[in-house]
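Student: with the sequence up front, the predicted model follows.
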2 protein chains.
Amino acid sequence: MPNELPLLANGPVIRRDAARNREALLQAAAELVGACGVRDLTTEAVAARAGVGKGTVFRRFGSREGLMAALLNHREEEWQASVISGPPPLGPGAPPMERLVAFGASRLRHHREQAALIEAAGSTWGENYAVLGFVSLHVRTLLSQLSVQGDLGYLSTALVAPLAVPVLRQQIDAGGMSEERVIAGWNDLVARVVAQPSPTRSS
Amino acid sequence: MPNELPLLANGPVIRRDAARNREALLQAAAELVGACGVRDLTTEAVAARAGVGKGTVFRRFGSREGLMAALLNHREEEWQASVISGPPPLGPGAPPMERLVAFGASRLRHHREQAALIEAAGSTWGENYAVLGFVSLHVRTLLSQLSVQGDLGYLSTALVAPLAVPVLRQQIDAGGMSEERVIAGWNDLVARVVAQPSPTRSS
């Protein structure tokens, strides 16, 4: 698509169209993933459902992997919004221990649902320190509200670590644990951290 | 290298040569990684140091990535041997809590040293459930010796999770924590799990 005009001249209109197509494609991809799973998702089906040409998928997302990565980002943003301003106990308003327990189960389910997408996104979805940073900060804030003593910066990352996709795959897919068992185990781990049987306990 | 003879006819001799070359190449690669790091390692330099042709590297390991993956496996085996039969406190003979603390620091250092190799091995080194299984079982055994109550199957995988390379990268490379801080944090986490302030505590 050669274009000799300066991009700025017709940029805004193209950008508005592009944004609309992008949103429609993400919506269509999300619906198809929900209906058929990630593996059977084709860019043709996504384009058809969004009412655009297949080429638009590649112009907006570069590749099928890029579309999957964008969908992951989109869902991560939705999940983070539910933590920041969604209903309790995941969102604000519940006691910190209830929020922590709700966080663990919600993050586990989120990761289980995204695992196939993460694989489909391949190398376009790397280690995302911004996401890990948000999640760790949330846990750290709750530990602080629970008056947990110790290195909360470390403890928060350590409590987030067992909720990562590869660990859940090891526990559930390879190890045969149920999701319920993993959630109960994580809650028990958190309870042991919060109970902090240290002589400097101040709560 | 077309070869119309049945492989079995001259197999043993080839296999003995192959094993010798493989061992020499792994040894050379390990020495060069130690001296120059992973990034600057070339297959030419490894072949030259091992006294074989460059083609032998590709015949034995398929690719530079394959060589890195084989080196990773080799080092993992050495590390596991030091847990199974090395000197205490990492190896047998020390009290279980001392072994657990020694395990954490040793596993962290092992992963920090292997991180560049793991990246260089790329897709040829995936999630290795056999390795994760060994490590988790070791921690589970020590938790059991410490009379920890609860779901030891879950707790062992959860304690191993924060020692994974991506978590250490988040904490140390992206987050600026020192290795000492991470080791102290992990020891504190383990102490909280072992202290288990639950009403069913039996120790």
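Tutor: Everything's here; your move. The shown structure was predicted, so the numbers you read here are calculated from the model rather than taken from an experiment. Residues are numbered from 1 along each chain as shown, chains lettered A, B, ... in the order given.

Student: following element in sequence after the helix or strand bottoming out on mean pLDDT in chain A, please.
Tutor: Sorting the helices and strands of chain A by mean pLDDT, DSSP states H and E puts helix A:7-36 at the bottom, at a mean of 78. Moving toward the C-terminus from helix A:7-36, the next helix or strand (DSSP states H and E) is helix A:43-50.

Student: please save the CA atoms from that next one in PDB.
Tutor: Provided in PDB are the C-alpha atoms of helix A:43-50 (Å, rounded to 0.1, in the frame of the first residue of the first chain):
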ATOM      1  CA  THR A  43      -8.000 -14.800  11.000                       C
ATOM      2  CA  GLU A  44     -10.600 -15.300   8.200                       C
ATOM      3  CA  ALA A  45     -13.300 -16.000  10.700                       C
ATOM      4  CA  VAL A  46     -12.400 -13.000  12.800                       C
ATOM      5  CA  ALA A  47     -12.300 -10.700   9.800                       C
ATOM      6  CA  ALA A  48     -15.700 -12.000   8.600                       C
ATOM      7  CA  ARG A  49     -17.300 -11.600  12.000                       C
ATOM      8  CA  ALA A  50     -15.900  -8.000  12.300                       C
END
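
Student: tell me the buried residues in that helix?
Tutor: A:Thr43, A:Ala45, A:Val46, A:Ala47, A:Arg49, A:Ala50 (16 or more other Cβ atoms under 10 Å in any protein chain shown). (C-beta placed from N, C-alpha, C; glycine too.)

Student: just for chain A, where's the confidence low?
Tutor: A:1-14, A:122-127, A:196-203 (pLDDT under 70).

Student: quick check: nearest residue in space to the residue positioned nearest the centre of chain A, chain neighbours excluded?
Tutor: Geometric centre of chain A, nearest residue: A:Glu76, 3.3 Å, by Cα atoms, centre = their mean. Once flanking residues are discounted, A:Glu76 sits nearest to A:Val131: 5.8 Å by Cβ to Cβ, 6 or more residues apart in numbering or on different chains.

Student: just checking, what packs against the strand or helix carrying the one you found?
Tutor: In the assignment (DSSP H and E), A:Val131 maps to helix A:129-145. Contacts defined by 3 or more Cβ pairs under 8 Å, 6 or more residues apart in numbering or on different chains; DSSP states H and E place helix A:129-145 against helix A:64-85, helix A:96-121, helix A:152-160.

Student: please write out the alpha-carbon positions of that helix in PDB.
Tutor: The C-alpha coordinates for helix A:129-145 follow below in PDB (Å, rounded to 0.1, in the frame of the first residue of the first chain):
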ATOM      1  CA  TYR A 129       7.000  -6.600  33.800                       C
ATOM      2  CA  ALA A 130       4.300  -4.000  33.700                       C
ATOM      3  CA  VAL A 131       1.700  -6.600  34.400                       C
ATOM      4  CA  LEU A 132       3.800  -8.400  37.000                       C
ATOM      5  CA  GLY A 133       4.400  -5.000  38.600                       C
ATOM      6  CA  PHE A 134       0.700  -4.200  38.900                       C
ATOM      7  CA  VAL A 135      -0.200  -7.600  40.300                       C
ATOM      8  CA  SER A 136       2.700  -7.600  42.900                       C
ATOM      9  CA  LEU A 137       1.900  -4.000  44.000                       C
ATOM     10  CA  HIS A 138      -1.700  -5.000  44.600                       C
ATOM     11  CA  VAL A 139      -0.700  -7.900  46.800                       C
ATOM     12  CA  ARG A 140       1.900  -5.800  48.500                       C
ATOM     13  CA  THR A 141      -0.800  -3.200  49.300                       C
ATOM     14  CA  LEU A 142      -3.100  -5.800  50.800                       C
ATOM     15  CA  LEU A 143      -0.300  -7.300  52.900                       C
ATOM     16  CA  SER A 144       0.500  -3.900  54.200                       C
ATOM     17  CA  GLN A 145      -3.200  -3.300  55.100                       C
END
